[in-house]
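Novice: generate coordinates for the sequence data below:
(chains A, B, C and D)
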Number of protein chains: 2
Amino acid sequence: MVQKETDTSSPRPRGRPRAYDPGQAIERAAEVFWKAGYAATSLDDLVAATGMNRPSLYAAFGDKRALYLKTLDHYRDRNRALAAAAVADDPPLRVLMRRIYAGALDLYLSDPEGRRGCYTLGTATTVAAMDDDVRAFLAASFSATDRFFAERIRLAQARGEIAGDADADVLAACATATLHTLAVRSRAGAPRAALDRIAEGTVTVVCGQPTPGAGA
Amino acid sequence: MVQKETDTSSPRPRGRPRAYDPGQAIERAAEVFWKAGYAATSLDDLVAATGMNRPSLYAAFGDKRALYLKTLDHYRDRNRALAAAAVADDPPLRVLMRRIYAGALDLYLSDPEGRRGCYTLGTATTVAAMDDDVRAFLAASFSATDRFFAERIRLAQARGEIAGDADADVLAACATATLHTLAVRSRAGAPRAALDRIAEGTVTVVCGQPTPGAGA
DNA sequence: TGATTTTTGTACCGTCTCGCATGAAATAGA
DNA sequence: TCTATTTCATGCGAGACGGTACAAAAATCA
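Specialist: Numbering: from 1, shown residues only, chains lettered A, B, ... in the order given. Reported below is the predicted structural model:
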């Protein structure tokens, strides 16, 4: 009764309980891939980062590549959730874009040394040339970002927030391109102020000059 | 007297002549880095690709990292030359941007399987997180591209080619961002037609709608 | 308490990796 | 022809790598 909530999540499996949290292990593993890249990360690095031992890691996630694919899925889901949260209150396009870029930069610079960059672009871009699944993941990720922006831009055009004569797909590609340039520039060590300027510049290009007197 | 031209380039060193061409070796090495990335490329891969043997490779270029840095310099010089050629006849901004993007895509897709991407972004972005020199190289490369575009955009504004009220640095960042998105999208396998559309979209955003009746 | 099941921890195997040691080959000078 | 110099070519040894076998440990069920 005290642990009624565990009934749905864990029906108490028979054997010895695992000493690690799978979700946390994936995040720890991603941390290592994020810094060193996929190829330069050894299994020993992953073992040290997750605190698991080698056979547990293998039993839980498969080999190194399978674990890497899981980390990609993990961050894709995380980004989807962020995007969903950003549109939850149906904000104007200008507000939405600022949220997306600010949220992305928060993540890209969330490092004591502040040059993390985007996990997917920072690691998967290199792997994509030799790995069909990673390449397909990348392509799907880009396409989803394009569609997300295009939908919101079309909505803003229909609402009269922004001019309706521009090609929404072109503007969406610009918005995605800015996300990409922020991703690689942050990994190259660019300071936040410069990246904020780039983001705001794209907001202006897509949405037009903000009306200075307006409140929001 | 017959070989007066060799006096400057090669004073005929004493020993056995080298059996490889250093410039070609660097290009062959870059080819391998391009496909597999820096970390996943072994010395044996480089030996096989260059046709050199291991000690010769060490004597000529140093270790793997030193050779990689040389390939980065090589493609930076190559891109500088391309940019210089693109502005040699002082074209209008719209023509210049189309040349830059088309030339970039020619390179990014110059592969039988057509998903090479940009050499620098495809390999150095991953390495940058752990290697200060590579990170500095990346930052310098981005900055040079920004300055190149900004200068030409300011020139176009001064000439009245494009509207003069927009911030040239913002437009330059958009132009660079498009180069970055083309780089990663081509590596993700995007078809040329889609990439051409993105490039032309940015040209339109920066330069305005082309006058349909005008010739060039 | 004893049997069963799952995970943990250690230790190991074959392979690949880097960097170098050693000697042969090819050229210029004498 | 003989010596000096530079590069080539083969091969080697110490270590890291990815992946796995095996037994002890910790839990549930009976």
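Novice: could you point out which element follows the helix or strand that contains A:Thr178?
Specialist: In the assignment (DSSP states H and E), A:Thr178 maps to helix A:168-187. Using DSSP H and E, the helix or strand that follows helix A:168-187 in sequence is helix A:192-207.
Novice: neighbouring contacts of that next one?
Specialist: Residues outside helix A:192-207 that contact it (C-beta atoms under 8 Å, 6 or more residues apart in numbering or on different chains) are A:93-94, A:97-98, A:101-102, A:105, A:108-109, A:114, A:153, A:156, A:161-162, A:171, A:174-175, A:178, A:181-182, A:185-186, A:210, B:167, B:169-171, B:173-174, B:177, B:205. (Glycine included, C-beta is placed from N, CA and C.)
Novice: stretch A:72-81 too?
Specialist: By C-beta under 8 Å, 6+ apart, the residues outside stretch A:72-81 that reach it are A:23, A:26-27, A:30, A:119-120, A:124, A:134, A:137, A:141.
Novice: among those residues, which are located in helices?
Specialist: A:23, A:26-27, A:30, A:119, A:134, A:137, A:141 (DSSP state H).
Novice: can you flag the buried ones in those residues?
Specialist: Among the ones in helices among the contacts of stretch A:72-81, the ones that count as buried by 16 or more other C-beta atoms under 10 Å in any protein chain shown are A:26-27, A:30, A:119, A:134, A:137, A:141.
Novice: can you list these in JSON lines and add distance to DNA strand D and pLDDT?
Specialist: As requested, those are exported to JSON lines (distance: C-beta to the nearest atom of the strand, whole Å; pLDDT from 0 to 100):
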{"residue": "A:Ile26", "distance to DNA strand D": "16", "pLDDT": "96"}
{"residue": "A:Glu27", "distance to DNA strand D": "19", "pLDDT": "96"}
{"residue": "A:Ala30", "distance to DNA strand D": "15", "pLDDT": "97"}
{"residue": "A:Tyr119", "distance to DNA strand D": "19", "pLDDT": "98"}
{"residue": "A:Val134", "distance to DNA strand D": "15", "pLDDT": "97"}
{"residue": "A:Phe137", "distance to DNA strand D": "19", "pLDDT": "98"}
{"residue": "A:Ser141", "distance to DNA strand D": "24", "pLDDT": "98"}
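Novice: for the spatially most central residue of chain A, pull up the helix or strand it's in.
Specialist: Nearest residue to the geometric centre of chain A (C-alpha atoms, centre = their mean): A:Asn79, 4.3 Å. In the assignment (DSSP H and E), A:Asn79 maps to helix A:64-86.
Novice: so that helix, near DNA strand D or not?
Specialist: Yes: using C-beta under 7 Å from any atom of the strand, helix A:64-86 comes into contact with DNA strand D via A:64-65.
Novice: just the buried residues of that helix, please?
Specialist: Using 16+ other C-beta under 10 Å as the test for burial, helix A:64-86 gives A:64, A:67-72, A:74-76, A:79, A:83, A:86.
Novice: contacting residues for A:Met97?
Specialist: By C-beta under 8 Å, 6+ apart, the contact list for A:Met97 reads A:175, A:199, A:202-203, A:206-207.
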